[in-house]
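K.L.:
Next come a sequence and a model predicted from it.
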Amino acid sequence: MAKTSKQVQGDIYRLLKGSALCSMVSGDVYRSGYRPRDSRLEDAVVIFTTGLPDQIQTGVVTVNIYVPDIDPYQNGVLVEDGERTETIERLAQEWVDGLTTDRSCYKFRLQQTIYTEEEPDIHQHFIVVKLKYEYFGDDDAPIR
């Protein structure tokens, strides 16, 4: 039986919450829509993007990891914390590389290269991780 969007989102949330990547950012992990609007922490947000309920369920889940901008010259001009976003991009790649089928009934691969986007309204940048998944198994299979 196919999983719902919320079930898939919850599975990825749990995989991320228990990861080394999560322990390396200053904030927390949230489902889409639950990140505090005024957060100035490095929060990860799990977003169900798309899914197809075929014989082998497939889809895409996006993880955005926010990084507050910095004022390196103390002149009021905020810019990307390039060193930090580069570090988190690398940590995110390591997390994706560790998502093997022995941890869940999912097979993951990147849908596209991990990259960083600007969110100028909140003076933050965010790392974008688009995970393509194939789901094999039953709905009661544990996430490890």
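P.N.:
Received, thanks. All figures in this text were calculated on a predicted structure; none of them were measured in a lab.
K.L.:
Spatially central, which residue of the chain would that be?
P.N.:
Val63 (2.2 Å; CA atoms, centre = their mean).
K.L.:
Regarding that residue, what is its secondary structure?
P.N.:
strand (DSSP: H, G, I helix; E, B strand; the rest coil).
K.L.:
Nearest spatial neighbour of it, chain-adjacent residues omitted?
P.N.:
Val129 (4.3 Å; CB to CB, 6 or more residues apart in numbering). Where you see a C-beta, it was placed from the backbone N, CA and C, and this is true even at glycine.
K.L.:
residues contacting the residue nearest to the centre of the chain?
P.N.:
Val63 makes contacts with 12, 16, 44-47, 92, 128-129, 131, as judged by CB atoms under 8 Å, 6 or more residues apart in numbering.
K.L.:
Dihedrals phi and psi, Leu15?
P.N.:
When read as degrees, to the nearest 10, the backbone of Leu15 gives phi -60, psi -40.
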